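**Q** kindly generate the corresponding structure for this input.
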Amino acid sequence: MRFSAGAAANAAAWAGVAVLIAAALALANRLGFLGLALVGAGVWLVCVRAEMNDDVPTSGTHALRARLEATGTPEQRAAVAAERRGFVSPLRFYGRCGMALTAVGVLGLVWELV
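**A** Model prediction:
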């Protein structure tokens, strides 16, 4: 049975996610609530950066490409906006999960120190 390049890339991506989950669990286990706050802040930061980079390209060819795409027809602009909405929704969910992890980590750290 042969695997396609897409299936191999998907398997590699899932392996990377598994390694990141294991690293996050090890960090939270080693540092306790501080580790949980760091993992949450990292997730939150990555989601905010990804959402900001998707909305407003600021450097390189992405800025020029965004100007060229803005001149399309209203239907094309609506299709691009709908595609972006599909990407932003999961980012906001994971960003809120990162906020919650950060809050739990900070509150737990304060509770441990008091």
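
**Q** okay, buried residues for whichever strand or helix holds residue 35 please.
**A** Residue 35 belongs to helix 33-55 when assigned by DSSP states H and E. Of the residues in helix 33-55, 33-44, 47, 50-51 count as buried by neighbour count, 16 or more other C-beta atoms under 10 Å. C-beta coordinates here come from the backbone N, C-alpha and C atoms, glycine included.

**Q** how far does it sit from the chain's center?
**A** On the basis of C-alpha atoms, centre = their mean, to the nearest Å, the separation between the geometric centre of helix 33-55 and that of its chain is 7 Å.

**Q** again, but for stretch 96-112
**A** Centre to centre, stretch against its chain (C-alpha atoms, centre = their mean), the figure for stretch 96-112 is 18 Å.

**Q** flag every buried residue along that stretch.
**A** Applying a neighbour-count criterion of 16+ other C-beta under 10 Å, one finds 98-99, 101-102, 105-106, 109 buried in stretch 96-112.

**Q** so what's the residue count around the residue nearest to residue 11 when sequence neighbours are not counted?
**A** Counting by C-beta to C-beta, 6 or more residues apart in numbering, residue 3 is the residue found nearest to residue 11 once chain neighbours are left out, at 7.8 Å. One way to gauge burial is a neighbour count; for residue 3, by other C-beta atoms under 10 Å, it gives 10.

**Q** so residue 3, which of the three states?
**A** coil (DSSP: H, G, I helix; E, B strand; the rest coil).

**Q** pLDDT score assigned to it?
**A** For residue 3, the model assigns a pLDDT of 75.

**Q** quick one, helices of the protein?
**A** Ranges of helices within the chain are 5-31, 33-55, 61-69, 74-113, based on DSSP state H.

**Q** so where's this structure uncertain?
**A** Screening the chain residue by residue with the criterion pLDDT under 70, one finds the ranges 1, 54-72, 87.
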